[in-house]
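In: just to be clear, the model below is a prediction. Sequence and coordinates:
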Amino acid sequence: MEKVRNYVKSAYLRRKWQAIWEKVGKRILALPEQTQEDLLQDISEAVESRIATMERANRE
């Protein structure tokens, strides 16, 4: 039963991520190509940093 719960939770979060990226992606794609590249790099770095911070907080 726990596997089913985890699967449902994971599927819900995937759909949530997809909805966020669909909305944001449309706006990003409207920007000039170099700006898109810069923005995606910034987003990637920000997400990596945030994940690392949350992982550290969860270990403590």
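Out: Ah, there it is.

In: now do the SS call for the residue nearest the centre of the chain.
Out: The residue lying closest to the centre of the chain (CA atoms, centre = their mean) is residue 17, at 6.0 Å. What DSSP: H, G, I helix; E, B strand; the rest coil gives for residue 17 is helix.

In: and it, how far from residue 34?
Out: As judged by CB to CB, to the nearest Å, residue 17 and residue 34 stand 26 Å apart. Every residue, glycine included, has its C-beta placed from N, CA and C.

In: let me know the pLDDT of the residue nearest to the centre of the chain.
Out: The score at residue 17 is 92. That number is its pLDDT.

In: and it, what is it in contact with?
Out: Listed by CB atoms under 8 Å, 6 or more residues apart in numbering, residue 17 has no contact partners.

In: and what of residue 13?
Out: Contacts of residue 13 (CB under 8 Å, 6+ apart): none.

In: where exactly do the helices run in the chain?
Out: Using DSSP state H, the helices found in the chain span residues 2-29, 33-59.

In: mean pLDDT lowest for which of the ones you listed?
Out: Ranked by mean pLDDT, the helices of the chain bottom out at helix 2-29, with a mean of 89.

In: what about residue 39, neighbour count?
Out: For residue 39, the neighbour count with other CB atoms under 10 Å is 14.

In: oh sorry, the question was meant for residue 44
Out: Other residues close to residue 44 by other CB under 10 Å number 10.

In: how close does it get to residue 10?
Out: In terms of CB to CB, residue 44 sits 22 Å off from residue 10.

In: and what of residue 60?
Out: Using CB to CB, residue 60 is found at 25 Å from residue 10.

In: please apply the same query to residue 1.
Out: 15 Å.

In: and the two? Which one has more around it.
Out: residue 10 (10 against 5).

In: return the distance of the more buried one relative to residue 21.
Out: Taking CB to CB, one finds residue 10 at 16 Å from residue 21.

In: before we move on, what about residue 60?
Out: With distances taken as CB to CB, residue 60 is found 30 Å from residue 21.

In: what about those two, which has more around it?
Out: Higher neighbour count among residue 60 and residue 21: residue 21, with 12 against 4, using other CB under 10 Å.
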